[in-house]
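A.B. asks: kindly return the folded structure for what I paste below:
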Amino acid sequence: MPRPIEVHAHDPLRYVGDMLGWLHQALASERELVLALFSPDATINIGPTARRFSRDLDGDYVKPEMGMSFILDRIFEGVCRPFKVRVEQVLQSQPSLLLAFKLSNILEFYSYTISDLLGEETALSVTLFHVKDAAQRTFFDILKTRGDKLLRYPSLVAVDLSPPPAVGEGVSVCLELIDTYNSMLVPASGKKPDFEPVISALLNPIIQMCDQAAEAYKSKGLSQSYRRNSTGFDSGHKLGKRTSSSMEDILSNNVAAPSSQVESLRKIFLINCLSAIQQPLMGHEVAATFVKGLNVAIEMHIHTLVDREVEYILERCGMQNKVSYIRNHLKQHSQSEIVLNEEFDLSKPLAEAEEMSLSSVAESLKIFFGLVAGSEGALPEFQQLQVPQLRTEVCSRISRVLAESYELVYNAVLDPENGYPEPRTVLRHSPDQIRTILGI
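C.D. replies: Got it, this is the predicted structure:
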């Protein structure tokens, strides 16, 4: 004799699975018996889509399905309440996230399979769909509790700007759920449920936690920067002395981190977090939409990081205002009208503007070349970025923008219309030489 199902009550998945298997087997047996008793001439076929007919006294074909469903519904009506109570006890026993997901999947499969045999309006089918919905609610309640806890107690940003441990744990759980989802049974009349809500409910709180941690870190950096400036410490933090240390190192020094640099470190942390989620999910079809959204978010952070770093470098060598002035000047001439600008007088030739004097341009280009060549410090290498491809991409983009900015100034000084006397004495390096030095 087979062992009682209750023997495996300590194993929730097997316990529920055995009950569902017994129900399915008993339903098939009872259905076959009912067909044999009430329709002796019918072809017995218990497939969900089979057509069964019997002859009446006049020789016409009639379907016994309606009466059979009523009889089977009455037979299995008594098992609904005990089954429902046992499944609810399992769901109330605080199952793990993965176990709740497996229970939801197996109940989903048998709900549709048995409803195909018995009909959706029967008591057993209604009970099965009820406990299936309860299992799904339990699963998403566990996800919500997990996410709320992460947001209530966000992790601190590590010294090396690496993702918090919660990111790796969440991705590991997500991969287990994906493997379970890919191996789940699918009923003949149904299809796999959408997995996107599961990924969103699991990973979105982790991303929000990273945003909270980064925002708190930014506030910490700016507040300590303000205190150092107000107490008389040196605020002239130079790019040439910037290293690949983390924000903790910067905040522990007797220098104030500029707000642009604090924001850059914040972006690096967020890129690391999003990449740690994105990389393992790549190649999984069910996560393709979510990965696409991560790609967009990472690209936005990279774009902001590049813009801020370029602005910081150009400000360091005094070229930021010059690049802006030249661009406005070119825009004025392209529109064939004088554009009023509160900061610059664009009606003058470039050489006559105080901001664009030959001596000022020469000093800026000298410092710029020193930064590019390494004699005045080093360009940022973003060692904190943990994905080598992204690190290379960010450095390459910065180099391209710097080269374009240098070429813009170079061409403006070389243009005779701008009135610079002997421009070659200032322009000692061509744009191609700068590109070669920058490695682009």
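A.B. asks: and the helices in the stretch 101-250 of the chain?
C.D. replies: 123-152, 165-182, 196-230, 247-252 (DSSP state H, counting those that start in this stretch).
A.B. asks: pull out the buried residues from the first one.
C.D. replies: Think helix 123-152. 123-125, 127-132, 134-136, 138-140, 142-143, 146-147, 150 (16 or more other C-beta atoms under 10 Å). Bear in mind the C-beta positions are built from the backbone N, C-alpha and C, glycine included.
A.B. asks: so for it, mean pLDDT?
C.D. replies: Averaged over helix 123-152, pLDDT sits at 94.
A.B. asks: what is that helix packed up against?
C.D. replies: The helices and strands touching helix 123-152, judged by 3 or more C-beta pairs under 8 Å, 6 or more residues apart in numbering; DSSP states H and E, are helix 65-91, helix 97-118, helix 196-230.
A.B. asks: output stretch 161-180 as PDB - backbone C-alpha positions only.
C.D. replies: The C-alpha coordinates for stretch 161-180 follow below in PDB (Å, rounded to 0.1, in the frame of the first residue of the first chain):
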ATOM      1  CA  LEU A 161      31.900  52.000  -4.300                       C
ATOM      2  CA  SER A 162      31.100  48.400  -4.900                       C
ATOM      3  CA  PRO A 163      27.400  47.200  -4.800                       C
ATOM      4  CA  PRO A 164      26.000  46.400  -1.400                       C
ATOM      5  CA  PRO A 165      25.700  42.700  -0.500                       C
ATOM      6  CA  ALA A 166      21.900  42.900  -0.900                       C
ATOM      7  CA  VAL A 167      22.400  43.400  -4.600                       C
ATOM      8  CA  GLY A 168      24.200  40.100  -5.100                       C
ATOM      9  CA  GLU A 169      21.700  38.300  -2.800                       C
ATOM     10  CA  GLY A 170      18.800  39.700  -4.800                       C
ATOM     11  CA  VAL A 171      20.300  38.700  -8.100                       C
ATOM     12  CA  SER A 172      21.000  35.200  -6.900                       C
ATOM     13  CA  VAL A 173      17.400  34.800  -5.800                       C
ATOM     14  CA  CYS A 174      16.200  36.100  -9.100                       C
ATOM     15  CA  LEU A 175      18.300  33.600 -11.000                       C
ATOM     16  CA  GLU A 176      16.800  30.800  -8.900                       C
ATOM     17  CA  LEU A 177      13.300  32.100  -9.700                       C
ATOM     18  CA  ILE A 178      14.200  32.200 -13.400                       C
ATOM     19  CA  ASP A 179      15.400  28.600 -13.400                       C
ATOM     20  CA  THR A 180      12.200  27.500 -11.600                       C
END
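A.B. asks: hmm, who's touching it?
C.D. replies: 97-98, 101-102, 105, 150, 155-158, 195, 198-199, 202-203, 206, 209-210, 213, 246-247, 265, 268-269, 272-273, 276-277, 280-281, 284, 286-287, 384, 386 (C-beta atoms under 8 Å, 6 or more residues apart in numbering).
A.B. asks: 7 Å - rerun?
C.D. replies: Residues outside stretch 161-180 that contact it (C-beta atoms under 7 Å, 6 or more residues apart in numbering): 97-98, 101-102, 105, 150, 155, 198-199, 202-203, 206, 209-210, 213, 246, 265, 268-269, 272-273, 276-277, 280, 284, 286-287, 384, 386.
A.B. asks: what ranges of this structure fall below the confidence cut-off?
C.D. replies: For the chain, applying pLDDT under 70 flags the ranges 1-3, 6-8, 39-66, 221-260, 333-348, 375-377.
A.B. asks: the spatially most central residue of it: which element?
C.D. replies: Residue closest to the mean C-alpha point of the chain, counted by C-alpha atoms, centre = their mean, is residue 294 at 3.9 Å. Residue 294 belongs to helix 288-316 when assigned by DSSP states H and E.
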